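K.L.:
Sequence first, predicted coordinates after that:
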Amino acid sequence: MHFAVGEIVVDVIVDDDDFELPLSQFLPGSRLSLLEQHRNLLEPDFVDLDNNIVKFAIQTFVVRVNGRTILIDTCIGEQKDRPEIPVWHQRKETGFLERLAKIGVDARNVDVVFCTHLHVDHVGWNTRQANGRWEPTFPNARYLIGRSELDSWTEQRNAGTAPTPHASALQDSVLPIVDAGLADLVENGQELGSGLSLINLPGHTPGQMGLRVDYPNGRALFCADVLHSPVQILDPSISTISCAEPTVANATRRAVLEEASETNRLVVPAHFRGPRCTYVRYTSKQFEPVMTGGIRRASS
C-alpha cells in the first residue's frame with residue numbers, strides 16, 4: 001500500500017494483517033443493528049458479523065519527506081516473550097525488515113521512529129536481539145516518545161499495575177532505547193519539519209500522540225489508536241476494552257472525526273486493514289467512513 005499526502009509519501013509495512021478478537025468483547029456496546037446496515041462496508045476487511053469477529057492489521061507507516069525517513073510505530077517484533085498473546089510469542093522469520101528493504105529502507109538509514117504510544121503492538125521492532133541483548137533495530141534514528149506516555153508507563157511498572165504484555169514491552173522494546181540514549185521525549189505541538197507536527201490524542205493511553213500533516217495541497221492525521229475500526233466511526237461512543245480512559249477516548253475520537261469531516265483531512269488509524277486509511281463525512285445522522293480504495297493522493 002502506497003499513498004501521498006501533500007509533500008509526503010507513505011508506504012505501509014504490515015507485521016500482522018489478520019489479528020482477530022471477539023467483536024462484542026473488544027468493542028463493548030457495538031450495536032449489531034447498526035453494523036448490519038453497513039455490512040457491505042465492514043466485511044470482509046474489518047468484521048465477520050456472523051462469527052462475532054473484529055479484524056485488525058498491525059503495521060508501520062513509512063513516511064518519506066525531504067530526504068528523511070520516518071517510521072510511525074514498530075509493531076510486534078521478533079523473539080519477544082508474549083505468552084499472553086500466543087500468536088505474538090517468540091515470533092521468528094516474519095520478513096518485516098525484508099519488506100522494509102524492498103521499498104528501499106535500510107534499518108541503518110531510518111532517521112526517526114515515532115512511537116505514538118507504548119502498547120506492546122506499537123514498539124516491538126524498536127529493538128532486536130543481538131549478542132544476547134536487546135539492541136536498537138534502527139541504530140541511527142532518534143526515537144520520539146511522548147514524555148507523559150513514558151512517565152505513565154514507568155509509574156505503572158513501578159506500582160506493579162501495568163498489564164503484563166505492556167510491561168514486558170517496556171522492558172525489552174522501550175527502556176533499551178532510553179538506555180542507549182536514542183530517545184527524545186516529545187510534547188504536544190512539537191514540529192518534525194514544515195507541515196508536520198505532533199498532537200496529543202489522549203484516552204486510549206494517557207499520553208498517546210499522533211502526527212498531523214498540514215500542507216496547502218494535503219492534510220492528514222496519523223491518529224494511532226483513536227480508532228481501531230470503522231465501527232467507531234459509525235458510532236464514536238464505542239471505546240475498546242484496552243482504552244485506559246474511555247470517556248476521554250470518546251471525546252478525542254469525536255473531535256478527530258469532526259475536524260476530519262470539516263477539513264477533508266485523511267485519517268490514518270494504526271490498525272485499519274483494506275485501504276488502511278479513510279476520509280470522513282458527516283450526514284444528518286452520523287459519521288461515515290469514505291475509504292480511499294487504494295493508491296491515491298490526499299489533497300485539499
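P.N.:
On my side now, so go ahead. Since the model is a prediction, treat every value here as computed from it, not as a measurement.

K.L.:
Can you tell me, leaving aside adjacent residues, what's nearest to residue 59?
P.N.:
In space, and not counting its chain neighbours, residue 59 is closest to residue 14: 4.6 Å by Cβ to Cβ, 6 or more residues apart in numbering. For the C-beta atoms, the positions are set from N, CA and C on the backbone; glycine is no exception.

K.L.:
Paired strands for the helix or strand encompassing the one you found, with orientation please.
P.N.:
Assigned by DSSP states H and E, residue 14 belongs to strand 8-22. The pairing partners recorded for strand 8-22 under DSSP bridges are strand 2-5 (antiparallel), strand 53-65 (antiparallel).

K.L.:
doesn't residue 61 make contact with the residue nearest to residue 59?
P.N.:
No - if you go by Cβ atoms under 8 Å, residue 14 and residue 61 don't touch, sitting 10.6 Å apart.

K.L.:
more neighbours, those two?
P.N.:
residue 61 (23 against 17; other Cβ atoms under 10 Å).

K.L.:
Skip the chain neighbours and tell me the closest residue to the more buried one.
P.N.:
residue 72 is the one closest to residue 61 (Cβ to Cβ, 6+ apart), at 4.1 Å.

K.L.:
Do a quick rundown of the helices in the stretch 151-300 of the chain.
P.N.:
With DSSP state H, counting those that start in this stretch as the criterion, the stretch 151-300 of the chain has helices at 164-169, 175-179, 231-234, 246-263.

K.L.:
Deepest in the core, which of the ones you listed is it.
P.N.:
Comparing those by mean neighbour count (mean count of other Cβ atoms under 10 Å), helix 231-234 ranks first with a mean of 23.

K.L.:
thinking again about what came up before, got the helices of the stretch 151-300 of the chain as JSON lines, with distance to residue 138 and mean pLDDT columns?
P.N.:
Converted to JSON lines, the helices of the stretch 151-300 of the chain look like this (distance: least, Cβ to Cβ, whole Å; pLDDT from 0 to 100):
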{"stretch": "helix 164-169", "distance to residue 138": "17", "mean pLDDT": "96"}
{"stretch": "helix 175-179", "distance to residue 138": "9", "mean pLDDT": "98"}
{"stretch": "helix 231-234", "distance to residue 138": "31", "mean pLDDT": "98"}
{"stretch": "helix 246-263", "distance to residue 138": "28", "mean pLDDT": "97"}
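
K.L.:
Figure out which of these is closest to residue 225.
P.N.:
Nearest of the helices of the stretch 151-300 of the chain to residue 225, taken as Cβ to Cβ: helix 246-263 at 8.6 Å.

K.L.:
Next up, phi/psi of the closest residue to residue 24 other than its chain neighbours, please.
P.N.:
Spatially, and ignoring its direct neighbours in sequence, residue 24 is nearest to residue 52 (5.7 Å; Cβ to Cβ, 6+ apart). Here is the backbone geometry of residue 52 (degrees, to the nearest 10): phi 60, psi 50.

K.L.:
List the contacts of residue 52.
P.N.:
Taking Cβ atoms under 8 Å, 6 or more residues apart in numbering, we find residue 52 in contact with 22, 23, 24.

K.L.:
Highest neighbour count among those?
P.N.:
Result: residue 23 is most packed of these (other Cβ under 10 Å), 22 neighbours.

K.L.:
Name whatever forms a beta bridge with the closest residue in space to that one that isn't next to it in sequence.
P.N.:
Leaving aside its sequence neighbours, residue 23 sits nearest to residue 54 (Cβ to Cβ, 6+ apart; 4.1 Å). Residue 54 has these beta-bridge partners by DSSP bridges: residue 21, residue 47.

K.L.:
Give me the neighbour count for residue 283.
P.N.:
Neighbours around residue 283, by other Cβ under 10 Å: 8.

K.L.:
what does residue 160 give?
P.N.:
Around residue 160 there are 7 residues (other Cβ under 10 Å).

K.L.:
how close does it get to residue 167?
P.N.:
Distance, residue 160 to residue 167, by Cβ to Cβ, to the nearest Å: 9 Å.

K.L.:
May I ask you to confirm that residue 286 is in contact with residue 232?
P.N.:
No - assessed by Cβ under 8 Å, residue 286 is found out of contact with residue 232, at 11.5 Å.
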